[in-house]
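Trainee: the sequence and its predicted three-dimensional model are supplied below.
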Amino acid sequence: MKNLKRVIALSMAGCMMAGAMAACNTEGGDTSSKAAVGESSVDTKDVKSIYFLNFKPEIADKYAAIAEQYKKETGIEVKVTTAASGEYEQTLTAEMAKSEPPTIFQINGPVGYSNWAEWCADLKNTDLYNILSDKSLAVTKDDGVYGIPYAVEGYGIIYNDAIMQKYFATSGAKVTSVDEINSFDKLSAVVEDMTAKKADLGIDGVFGSTSLKTGDDWRWQTHLMDLPLYYEFKTDSGSSITSCLNSTELKFTYADNYKKIFDLYTNNSCTEKSLLGGKTVDESMAEFATGKCAMIQNGNWAWGQINGIDGNQVKAEDVKFLPIYTGVDGEEKQGLCIGTENYFAINSKVDAATQKASADFLNWLFTSEYGKKAVKDDLGFIAPFTSFGDNEKPEDPLAKSVLSWMEKDGYKSVEWTFGGIPSENWKKEFGANLLQYVQGQKEWNAVVDEAKSSWTTEREAAATA
Amino acid sequence: MAENDNKLDLTEEEIAALNLDKDDEELEANSKYTGKSVSSEWKNFLDGVEKENEQRKIKEEMDKLKLQKPKGKKMTGKDIFAFIVLVIVAIGFIVPILLVVMNSFKGKLYVSNEPFALPTAESFVGFKNYVEGMEKINFIPAFFTSLFITVFSVALLVLCTSMCAWYITRVKTWYTKIMYLLFACSMIVPFQMVMFPMSYVANVLHLDNMFGILIMYLGFGAGLSVFMFAGFVKSVPLEIEEAAMIDGCGPIRTFFTIDFPIMRPSAITVAILNAMWIWNDYLLPTLVLSNDRTLPMAIQYLRGGYGSIDMSQMMAMLVLTIIPIIIFYFSCQKYIIKGVVAGAVKG
Amino acid sequence: MDKVIKKWFPLFALPTFVAFSIAFLFPFFMGLYLSFCKFKVVTNTTFVWFDNYVKAFTANGDFLNALWFTTKFTIVSVISINIIAFIFAMLLTKSLKGTNVFRTIFFMPNLIGGIVLGYIWSMMINGVLLTWQSTITTDAKYGFWGLVILMNWQMIGYMMIIYISGIQNISPDLLEAAEIDGANGWQKLIHVTLPQIMPSITICLFLTLTNSFRLFDQNYALTAGAPGKQTQMLALDIYTTFYGRVGWQGVGQAKAVIFSILVAAIALTQLYLTRSKEVEN
């Protein structure tokens, strides 16, 4: 039995040592290639499969047909796995440690890139980058390109034109058409007048609920916050995202503007302020869809939450966008907030041939006839590539509205500067403070001060990471 | 107290006749274990076991009676008051479950707006939520995946941990004591501690599929199961086992013909407790499985991006998830209560 | 007999132990090692000694706040669950009609999984609080009591059954003897019943203590820590640390180690204290 004792003791010690060693720096079999994808001519004929970790659950099943078609055409299998909503980072972290990590994955912008920099291959020589219509949109560092945006999205104030027309027909209406609303003052005048007449208009409130439930407050701590950030960090040269990223402090010069629009939302809402902490985005969209409110801040992705829902009372032709006005000078020429948080990245730790094969797949998706049709009809992306003609963009009313605002002469869209926010933590804390503010438990000045100090702390923490 | 009840009713001479302290060579030399003598010793042994079983059956009946109320006793005023309190609390206990069922029949918009309202003509949508929900998340494959994993993990757990617990209790060496301690301590450690490494380990060892996850569940559930079994093993009398072994039963036969049948209630408890946990488990399959989905995982896919979620479909899917486990529970109810009792108290 | 069975270790104990090592021991030690590292992916780590542990306590007050909240919650839950379960057990060991039905109903909540439960109760509590124009996030107190009620709902049935068994195992002779000596109901309870059911108390305390302390699913689904982080328990805090900031997974792992040590210390202390009070029959 001495032998048995020894065996057990050794195996337990072995367990512990193995645990320590496994967690040490493993170079994972040096098949990784630091060269830019497509630099040297690489033969992809031996590549059997590529692996794409998808971010959007609602189109997960659409990728199955696309993968099948690609396999038919090229013989390469495209494995598509979808992370559950809100769990992309978690899933990606787990998958990257496995022996067959994703070859195509998604990053949300510069901050996401700093998280995954080691795994992002340089894409500047790929065909996909070449057909990118606005090269400044890509995630870059020095002269390398590491993330290519694949779906442009826009958000603003969605309004129900039918209710607006009803309002314009009332006596004493402040404006007679939506086009006249081109500044915060006009917007608030109209909104407050509508609130006074809400019984006549048949609505519970002008705006849908400002959903502040944890996890559902991104419309305010990120999207609405974009406007003060954009105006504070915009420069004449280069994108505001970069200057935001490089900032170590937030001056929050436009804090009052934020307060103005936020108060407008919550004072003219169809829900009491004290109840906002329990509201979700989905519930707010339901209020809009059932005609309980006339306006709601959200983006073109929200079409799926209006259309085809039981009890939906909003017609497609009545759904349009209005920019979010905050009382900044020159906002008469301000458009919607247009940008993207969806960037494709290719795993630099897989071998060069697989990297090239992955890039080829993406290129096929956005240039081939089949791919483009799938992108337009099934995936619903507004793809920012030159390969897409005007009639190859999605046709739902919100996408159309976004596109028309993007193309309006003389109007400047607001960039998605929030891509430079230091961390998720900052957003969560800001959202929590907004909730306390709206519940009357915190003064606005305290919210502003904490936002500023948290910005500095988070930026430092990220720098030392 | 329980130990004493289980001693065989043998007289001093009979015990001496069994020659328990002589070792094998002596006994062989004594030739008492040849031919007719063997069968008479064996007969004594069998008689003893029969008496044992009878006593056990009587005890079981008495336990059953204890669990039932004595008939024909009148309820006093205090009792009626207690009864009413219990009824109210019981209703309170069921309300959440009823809410879920009720809401699963309403349309999506009505669930968020009026969660407590009964379905009206307007909000009632029949089985639409069930059908659509099932299609959306690919219910049937997920259901069978969950079923497969639960049934086989539980079977594996009951089999392996009972054997392990028996071994640990009977063989008292330093390493079995340590093993017992490790198993007990594993019940305390929170899951976050092993979350990250577990996924990596499963992948490296190629356990990230439906068969590998059975091993992961065996390992992760071993703590509680071994702990419970070990407590119950202590109440199986050593004498029977020793007698069987002396007569030539190997440990395997001894275990499966004697111990396992006696430990049946405990085995059922362990089975049920583990089934409940594994059926509802979300985190472990998410981290371990690469290509398959269990039911709790599939339900999470009802959430779309940007916060879109169909609450009424989710309610419907929850009902479908709860039904199997409730059916299982009702069919084993008797054993659960007995088993929880036995396993916990002796543990 | 020992010697005979000993050889059979590979068949009886090894499979379980191997699986246990793979699924638990190995990840545990790896997790322990990782708590001293900085990492984003487990295959790519840098050793940083006690840096993570320092950061766990000093980065912000979250860990200590969560600790305080969790402790409060555990104390209240353990007391309420055990007392209520015991009262129900006493009631259901008398001659009331429908005892079996009650037992079934009280045990049922245990069958429903964690996250699901949180959503259902969140809906219910918000619906109830609607009449006072507030939600569960209005005040940390609501979140606290919401969690307590939820925990009670889930655990009372299970504990009750254990208490029932303990009560039914009390020899009626003891109770009779006490009555003969002139003890009233209350004295019988304190001096006869309670000491006799000590084993049940041990188990119930152990289970409620460890489950309350490690609570995650229900916390996440019910409040997710709102308002702010005031209703965030330890397990949720660790989870947030994992994913809130880039490169802080090591700190989260360190927090998890501290968490494990805490729970183990408390649970083992409790087991020791109550086991020593168990009356030998």
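Mentor: Sure, I can see it.
Trainee: what ranges do the strands span in the stretch 251-400 of chain A?
Mentor: A:293-299, A:319-322, A:334-339, A:343-346 (DSSP state E, counting those that start in this stretch).
Trainee: only C-alpha atoms, please: export stretch B:105-123 in CSV.
Mentor: Coordinates of each C-alpha in stretch B:105-123 appear next as CSV, following Å, rounded to 0.1, in the frame of the first residue of the first chain:
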residue,chain,number,x,y,z
PHE,B,105,-50.7,32.9,-22.3
LYS,B,106,-50.7,36.6,-22.7
GLY,B,107,-49.4,38.7,-25.6
LYS,B,108,-45.9,40.2,-25.3
LEU,B,109,-47.0,43.8,-24.7
TYR,B,110,-49.4,42.8,-22.0
VAL,B,111,-46.9,41.0,-19.9
SER,B,112,-44.8,44.1,-19.3
ASN,B,113,-47.7,46.4,-18.9
GLU,B,114,-50.0,44.4,-16.6
PRO,B,115,-48.2,41.4,-15.1
PHE,B,116,-50.8,40.7,-12.6
ALA,B,117,-53.9,40.8,-14.8
LEU,B,118,-55.6,37.6,-15.8
PRO,B,119,-55.6,37.0,-19.6
THR,B,120,-58.5,38.8,-21.2
ALA,B,121,-59.9,38.3,-24.6
GLU,B,122,-57.6,40.9,-25.8
SER,B,123,-54.4,39.7,-24.3
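Trainee: low pLDDT regions in chain A?
Mentor: A:1-34, A:38-41, A:308, A:465 (pLDDT under 70).
Trainee: by proximity to chain B, which residue of it wins?
Mentor: residue A:281 (3.3 Å; Cβ to the nearest Cβ). Every C-beta, even on glycine, is put in place using the N, C-alpha and C of the backbone.
Trainee: re earlier: which among the strands of the stretch 251-400 of chain A is found nearest to residue B:314?
Mentor: Shortest distance between residue B:314 and the strands of the stretch 251-400 of chain A, using Cβ to Cβ, is found for strand A:293-299: 21.2 Å.
Trainee: and the angle for that closest one with strand A:334-339?
Mentor: Using axes from the mean of the first three to the mean of the last three Cα atoms, to 10 degrees, one finds that strand A:293-299 and strand A:334-339 are set 50 degrees apart in direction.
Trainee: can you list the residues that contact strand A:293-299?
Mentor: Identification of contacts with strand A:293-299 by Cβ atoms under 8 Å, 6 or more residues apart in numbering or on different chains yields A:153-160, A:163-164, A:167, A:191, A:194, A:201, A:203-208, A:219, A:223-224, A:265, A:269-270, A:281, A:284-285, A:287-288, A:302, A:322, A:324, A:398, B:306.
Trainee: do the same with stretch A:374-391
Mentor: Contacts of stretch A:374-391 (Cβ under 8 Å, 6+ apart): A:59, A:62, A:65-66, A:69, A:128, A:131-134, A:137, A:149-153, A:300, A:340, A:365-367, A:372, A:392-394, A:396, A:399, A:402-403.
Trainee: circling back to that earlier point, among the contacts of strand A:293-299, name the ones in helices.
Mentor: The members of the contacts of strand A:293-299 that map onto helices under DSSP state H are A:163-164, A:167, A:191, A:194, A:201, A:265, A:281, A:284-285, A:287-288, A:398.
Trainee: any chance of the strands of the stretch 251-400 of chain A in TSV, with mean neighbour count too?
Mentor: Compiled in TSV, the strands of the stretch 251-400 of chain A are given as follows (neighbours: other Cβ atoms under 10 Å in any protein chain shown):
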stretch	mean neighbour count
strand A:293-299	24
strand A:319-322	21
strand A:334-339	23
strand A:343-346	26
